[in-house]
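Peer 1: 3D model of this:
(2 chains)
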Amino acid sequence: MKQKKAKKYGMVIDLDKCTGCGSCMVACMAENNVPFRKDESNKVLSITWMRVYKLTNGKPFPNTDICYLPRPCMHCEGQHEGHSPCVSVCPAIATDYSSETGVVSQIYTRCFGCRYCMASCPYHARYFNWWDPVWPDGMEKYLSPNVSPRMRGVVEKCSFCFHRYQLAKEKAFMEGRRELKEDEYQTACTQACPAGAITFGDLNNPNHAVHRMVKPDPKHHGRPTHPNAFRLLERLGTNPKVYYISSRDWVRRAGDNYLEHEAELKQTVHHG
Amino acid sequence: MKIGRRSFLSFLMGGAAGTALSPLPWKLMDDSAIWTQMWPWTPVPEDGEASYVNSSCTLCPGGCGITVRKINDRAVKIEGMKGHPVNNGGLCILGLSGLQLLYGPTRVKTPLKRVGKRGQGRWEKISWKDAVSEIAETLGDLREKGQSHTVGLISGSDRGTVPRLFERFLTVYGSPNFIRTPSIIDSYELTLHLMQGVQALPGFDFENANFILSFGSGILDGWGSPVRMFKANSVWRDTGAKVIQIEPRLSNTAAKSDKWIPINPGTEAALALGIAHVIISESLYDYNFINNYSSGFDDWKRFVLDNYGPDSVATITGIDDRTIIVLARSFARASKPLAICGRGQGITPGSLDECAAVHALNALVGNVNKHGGICAVTEPDYINWPEAEMDAKASAGMQKDRLDDAGSKKFPFSRYLLNRIPEAINSEKKYPLNTLFVAGDNPLYTMSDSKAVKKAFDKIPFVISFSSYMDETAQNADLILPNHVYLERYEDIPTPAGMPRPVIGLSRPVVKPQYNTQHTGDVIIRLAKALGETLSDAFAWDSYDACLKETLGYKWRVMVEKGFWSYPGFVAQPREESFDTVSGKFEFVRKGTGSLKPFKPVKIEGDKTNYPLILMPYDSLRLANGVIGDPPFVMKSVDDTVLKGTDVFIEINPKTAGEQGLREGQLAMLSTPVGKAKVKVHLFDGIMPGIVALPRGLGHTAYDEYLAGKGINFNELIGPVDDPVSGLDAAWGIRVKLAKA
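Peer 2: Next up, the predicted model:
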């Protein structure tokens, strides 16, 4: 049998279309049995696999501009496959990189809560369960059996709705297929986004929209070649699989840490 | 053997090395995960057969189609319905959280009768039979005494079978006081009525427009049917259509627009007329439309040319004249321009002059009833019940003036004026309200000037709420008759706000009723039967479901299957048949409304000396501010620059804050002529100096611990300002004083 090329599932978020409405956050919470507490205004403790950040350009009235930036787990590939910041530090192999799909997993029952991965994640995409999850009386009824509720003492994060991948694979297998169609595996946030700002698919597949949108450069760990596309903290070399598109220059600059007046400097560095 | 220091240490080190080499540490580490995690109280959701049910969301008037995923008899996830004409797969943050309402702790689980004082929260369970007969007795007495007109009803809508059943009930019972919750739709309906002579809803063909001039409408903040608007915005991004947003604050809509033009608040009408001035004086208008399909243009033209030159408009609006001229030219030269109004989500109807001025812009460029324009949408007439017979008592009651003065000499064009009710009750000038039904609204939270509303409610001896949730109004009612949640009932969902084509959605039971609730439609029918006489004749149906099925007729089967009924063949009326005015044409001059008087901005409450700043509300999709409060998931999405703990933040320009001596995060006391509140300060460059913005949707006293007691209800700080022509609430803000707390 011909060896199939491995998948590299990734996401492209069009920040020009994103309106900051928050649908992706709640679609994720509802899909993944994310717990909630009475006060969620301390955002360090608030578990949001998908979180929408509000960026501002810092200019005074009336030249102010804002942009929303949804942040799931970046499912970093690292400098070589599987060298994601979190995967490489986990002492319990509770988080792992799937070479088949490129998804960074989180296995709750293996995690013993050392939170090393949280410290190493540059995107704050990981959250720790400081408390046992509590659903008010009756609300447990809506919990999905496809995602196990997490207990106190473990780290959790976005899984690119991996259970949906498993369900789609099972279905395809039952129908005698080995390959998934592009629309068969989509994350909950992609599906819910009312603006259609999120696109999900296989970055290795040139027919998939994600590939066409950012044109990842395989020679540079998938760095986008589309001029308006960028990845968060590109210079860290984490090689995330979540790409962003923005036509606004200040947004693209905000996507990577930069020093004041660095724009000129950056150009010279990148030649060569 | 002697145990010395050396041998003791050797023993310890040997032991440690031995343990380290053994599997024990690894086993212990692994076990620690098990010991600390395998709690019996961590729920393990039961697995089962998965299925999907198509239905409609009713949490706002947006009318989105939903697909609910079920595992056995549990609903586990709400998703947007693919292929639905309104939302095609997408869904808003509130719609996605619907199951937290269905299974949540805020449900009213059985009919309740108040036993303590109002609002004390002491209830006793009552059977449906007793509840209905208690109401029937009270209503019967009032009718006997010739006081049937003192029964009122506040309804979230006046369209669809349930509101129509209520209306029918009040008519045959004998009360003119059916009151609909107001919104920008009221102003639009009135504008269409006065300028086009039609009784219709405004429909906007956004998807095909290519230049959107929005006078503060929160296109991306919940205006119209929210998901549809998001989708339209994405279409505009792809097609290169331009969006111009005019408002004093950088809202999400403004941030995503192609150009944000800050304007002195409340002067939008003047800007619209200033734009008209440029279009007329540069002859950029649609000659065909003006000459063939409009009337009164010459008078209106003179009025505009005399009063609204770009320089004078620049002084009023704070937008420089060059910008106004450029804006007018690009609007008129666009192939499919569209001007819209209604601030934020369009919760406040606003000034009629403003709405008419904006609508006149559409007429000037000839995009009324046109592809990519605005059209008058007549609701499909699918509710055709036999005429109800009214007895003498009913006729006598219906002859009485409405309590809110809608349709009176003072406000002849308006149909409902909820904002005038508290004053009418509190002043005791007309007649009292003896019984009030509340369905699909939460007036004790959503109506402005909360104190006056509460006072008025306290004067009504019998308040009945149909709410499924323990909201503010239910909390202060005498009797709660909980309706099924939308996921437990059949109901038709009439055409969503702003849709250019009629669509009827069907909400249908996804799960069986979770508690001892009943369909409000059934309760009306039972109540009518209990009252007997002409009432039971008018409500001959066995049940609401039977009534709905009969009403929808041949549509029923399709709607059950697809979840909605759309009119694919529907096209806007041709121009020749569009206008039902005396002239048969579009009227630039609204008859009998003094529309050619020079513009005077709506005067907001408060004087400048005592209240130097202006307070305005802002709307966000992450803060549900209508009949439904935020479920826990949605609360979780609220930024920590909006709410921290129980403190809400005001947005204020750093310059203004500096003048007031306020810093980021500081506590401040906000006082308006209507109320006071303690708030925190958030410095935001995207707001015009001199303005303070506060979000709507917080400050609930009812609902659950996830929502209640957090922040301030904006309505406690503002009161209604009646529009001189329509009588609708035109308040867009209020003057305010800010001091360190």
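
Peer 1: Looking at the stretch 51-200 of chain A, what residue ends up closest to chain B?
Peer 2: Scanning the stretch 51-200 of chain A for proximity to chain B using Cβ to the nearest Cβ identifies residue A:194 as nearest, at 3.3 Å. Quick note: C-beta positions are derived from backbone N, CA and C, even for glycine.

Peer 1: Check the secondary structure at that residue for me.
Peer 2: coil (DSSP: H, G, I helix; E, B strand; the rest coil).

Peer 1: where does the closest residue in space to it that isn't next to it in sequence land on pLDDT?
Peer 2: Closest residue to residue A:194 apart from its sequence neighbours, by Cβ to Cβ, 6 or more residues apart in numbering or on different chains: residue B:90 at 3.3 Å. What the model reports for residue B:90 is a pLDDT of 93.

Peer 1: For residue B:90, which three-state class applies?
Peer 2: Classified using three-state DSSP, residue B:90 is coil.

Peer 1: That one: neighbouring residues, count only.
Peer 2: Neighbours of residue B:90 under the rule other Cβ atoms under 10 Å in any protein chain shown: 29.

Peer 1: That one reaches residue B:81, doesn't it?
Peer 2: No: assessed by Cβ atoms under 8 Å, residue B:90 is found out of contact with residue B:81, at 9.7 Å.

Peer 1: which residues do those two both contact?
Peer 2: residue B:64 (Cβ atoms under 8 Å, 6 or more residues apart in numbering or on different chains).

Peer 1: All the helices of the stretch 51-200 of chain A, residue numbers only.
Peer 2: A:116-120, A:162-174, A:188-192 (DSSP state H, counting those that start in this stretch).

Peer 1: How about exporting the second one as CSV, limited to the C-alpha atoms?
Peer 2: Read that as helix A:162-174. What follows is helix A:162-174, C-alpha atoms only, in CSV (Å, rounded to 0.1, in the frame of the first residue of the first chain):
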residue,chain,number,x,y,z
PHE,A,162,-9.6,15.9,18.4
HIS,A,163,-12.7,13.9,19.3
ARG,A,164,-14.3,15.2,16.2
TYR,A,165,-11.3,13.9,14.2
GLN,A,166,-11.8,10.5,15.8
LEU,A,167,-15.5,10.5,15.1
ALA,A,168,-14.9,11.5,11.5
LYS,A,169,-12.3,8.8,11.1
GLU,A,170,-14.6,6.2,12.5
LYS,A,171,-17.4,7.2,10.2
ALA,A,172,-15.1,7.2,7.2
PHE,A,173,-13.8,3.8,8.2
MET,A,174,-17.3,2.4,8.5
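
Peer 1: which helices and strands sit right next to it?
Peer 2: Contacts defined by 3 or more Cβ pairs under 8 Å, 6 or more residues apart in numbering or on different chains; DSSP states H and E place helix A:162-174 against no helix or strand at all.

Peer 1: what's the spacing between that helix and its chain's center?
Peer 2: In terms of Cα atoms, centre = their mean, to the nearest Å, the centre of helix A:162-174 is found 20 Å from the chain centre.

Peer 1: Give me the contacts around it.
Peer 2: A:9, A:101, A:103, A:105, A:146-147, A:178-180, A:184-188.

Peer 1: For residue A:47, state which of those is nearest.
Peer 2: Among these, residue A:147 lies closest to residue A:47 (Cβ to Cβ), at 13.2 Å.

Peer 1: rewinding a little: reformat the helices of the stretch 51-200 of chain A as TSV; add distance to residue A:202 and mean neighbour count.
Peer 2: Shown next, in TSV, are those (distance: least, Cβ to Cβ, whole Å; neighbours: other Cβ atoms under 10 Å in any protein chain shown):
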stretch	distance to residue A:202	mean neighbour count
helix A:116-120	26	17
helix A:162-174	11	15
helix A:188-192	13	25
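
Peer 1: Who are the contact partners of whatever residue of chain B ends up closest to chain A?
Peer 2: Among all residues of chain B, residue B:90 sits closest to chain A, at 3.3 Å; criterion: Cβ to the nearest Cβ. Residues near residue B:90 by Cβ under 8 Å, 6+ apart: A:23, A:192-196, B:64, B:80, B:227, B:230-231.

Peer 1: In CSV, list the C-alpha atoms belonging to stretch A:98-114.
Peer 2: The C-alpha coordinates for stretch A:98-114 follow below in CSV (Å, rounded to 0.1, in the frame of the first residue of the first chain):
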residue,chain,number,x,y,z
SER,A,98,0.9,13.4,17.0
SER,A,99,3.1,12.9,13.9
GLU,A,100,0.0,11.6,12.1
THR,A,101,-2.1,14.8,12.5
GLY,A,102,0.2,17.4,14.0
VAL,A,103,-2.1,17.8,16.9
VAL,A,104,-0.6,18.4,20.4
SER,A,105,-2.6,16.2,22.7
GLN,A,106,-3.3,16.6,26.5
ILE,A,107,-4.0,13.4,28.4
TYR,A,108,-5.6,14.4,31.6
THR,A,109,-5.2,11.2,33.5
ARG,A,110,-1.5,11.2,33.0
CYS,A,111,-1.0,14.8,34.0
PHE,A,112,-0.1,15.3,37.7
GLY,A,113,-0.3,19.0,37.6
CYS,A,114,3.4,20.2,37.7
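
Peer 1: helix/strand/coil for residue B:693?
Peer 2: At residue B:693 the chain is in strand, as set by three-state DSSP.

Peer 1: Help me confirm that it comes into contact with residue B:653.
Peer 2: No: judged on Cβ under 8 Å, residue B:693 makes no contact with residue B:653 at a distance of 9.9 Å.

Peer 1: if I look at the two, which residues touch both of them?
Peer 2: B:684, B:687.

Peer 1: will you turn the contacts of helix A:162-174 into CSV that also has distance to chain B?
Peer 2: Listed next are the contacts of helix A:162-174 as CSV, based on distance: Cβ to the nearest Cβ, whole Å:
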residue, distance to chain B
A:9, 20
A:101, 22
A:103, 21
A:105, 16
A:146, 8
A:147, 8
A:178, 23
A:179, 22
A:180, 18
A:184, 14
A:185, 15
A:186, 10
A:187, 12
A:188, 8
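
Peer 1: List buried residues within those.
Peer 2: A:9, A:101, A:103, A:105, A:146-147, A:180, A:185-188 (16 or more other Cβ atoms under 10 Å in any protein chain shown).

Peer 1: quick check, nearest of the contacts of residue B:90 to residue B:503?
Peer 2: When these are compared against residue B:503 (criterion: Cβ to Cβ), the nearest one is residue B:64, at 10.5 Å.

Peer 1: Report whether the expected contact of the closest one with residue B:84 is present.
Peer 2: Yes: counting by Cβ under 8 Å, residue B:64 touches residue B:84, with 6.8 Å between them.

Peer 1: Same drill for these two, tell me which one is more crowded.
Peer 2: Taking other Cβ under 10 Å, residue B:64 and residue B:84 do not tie; residue B:64 has more neighbours (29 against 26).

Peer 1: Can you get me a residue count around residue B:21?
Peer 2: Neighbour number of residue B:21 under other Cβ under 10 Å is 9.

Peer 1: Quick check, pLDDT for it.
Peer 2: Residue B:21 is given a pLDDT of 90.

Peer 1: Now do residue B:681 against residue B:3, distance only.
Peer 2: 70 Å (Cβ to Cβ, to the nearest Å).

Peer 1: Could you list which residues are in contact with residue B:638?
Peer 2: For residue B:638, counting by Cβ under 8 Å, 6+ apart, the contacting residues are A:40-41, B:622-623, B:630.

Peer 1: between these, which is closest to residue A:227?
Peer 2: Of all those, residue A:227 sits closest to residue B:622, with 32.1 Å by Cβ to Cβ.

Peer 1: Correct me if wrong: that closest one contacts residue A:19.
Peer 2: No: in this structure, residue B:622 is not within contact of residue A:19 by Cβ under 8 Å, at 11.2 Å.

Peer 1: who has more neighbours, these two?
Peer 2: residue B:622 (28 against 25).
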